[in-house]
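Q: my questions are about this predicted structure, shown below with the sequence.
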Amino acid sequence: MKLFMKSGMIVDLTDIDPSCITLEDIAHNLSNSCRFNGGCNRFYSIAEHSVNVSTTVADKHAKAALMHDAHEAYTGDIVRPILEVIDDTDIRYLRRYFNVAIAKRFYMVPSILECKEVLESDNTWLHIEGALFFSKWEKFEHIDYAKYYPRIQYLKPEAAKKLFLERFSYVQSLHV
């Protein structure tokens, strides 16, 4: 099975070649994919979410935080409630397979994409976004929601893509 990407790359799902993974494809696809399976009251892309996650971790984890959902550029976003009710062995394997290829392509240790700090920031943003978009979402006392809400800009896909690419350039320059 093959995925055809905007860049012209063709990704073989049975043998993912890291050289076929492009930052342009990741930024493009994530900027066109809406969080919460499109259930938001306004368009809010996975690319913008990823940038937000990357701004709330230490510099040494910023690139991993930015790329933590990069596999979704290839696998699509399967929201957590769905993953909890299906036999997700295949999709989890495919995500790990892509994470390894993405990590190799962008010079990261694959496990960094799932390090504690990145996962905690991603979960914090999940609750911030969930509380913003869904009136029945449970709020937690330890999260200062007002501090985070101004960071959500509801960018259109082209602007989200540009922001993602700019953030990647910045975190790449950190050399940490």
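A: Nice, I can see it.
Q: which element follows the lowest-mean-pLDDT helix or strand in the chain toward the C-terminus?
A: Here the helix or strand of the chain ranked lowest by mean pLDDT, DSSP states H and E is helix 80-85, holding a mean of 83. The first helix or strand that comes after helix 80-85 along the chain, using DSSP states H and E, is helix 89-105.
Q: show me where this structure has its strands.
A: 2-4, 10-12 (DSSP state E).
Q: picking that back up, export the least confident helix or strand of the chain to PDB, keeping only CA atoms.
A: Extracted in PDB, the C-alpha atoms of helix 80-85 (Å, rounded to 0.1, in the frame of the first residue of the first chain):
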ATOM      1  CA  ARG A  80      -8.600   8.900  21.800                       C
ATOM      2  CA  PRO A  81     -12.200   7.900  22.500                       C
ATOM      3  CA  ILE A  82     -12.100   5.800  19.300                       C
ATOM      4  CA  LEU A  83      -8.800   4.200  20.200                       C
ATOM      5  CA  GLU A  84     -10.200   3.200  23.500                       C
ATOM      6  CA  VAL A  85     -13.000   1.200  22.000                       C
END
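Q: identify the residues contacting that helix?
A: The contact list for helix 80-85 (C-beta atoms under 8 Å, 6 or more residues apart in numbering) reads 37, 91-92, 126. Heads up, the C-betas are built off the backbone N, CA and C, glycines and all.
Q: give the buried subset of these as a PyMOL selection command.
A: To isolate in PyMOL the members of those that are buried, counting by 16 or more other C-beta atoms under 10 Å, one can use:
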select buried, resi 91+126
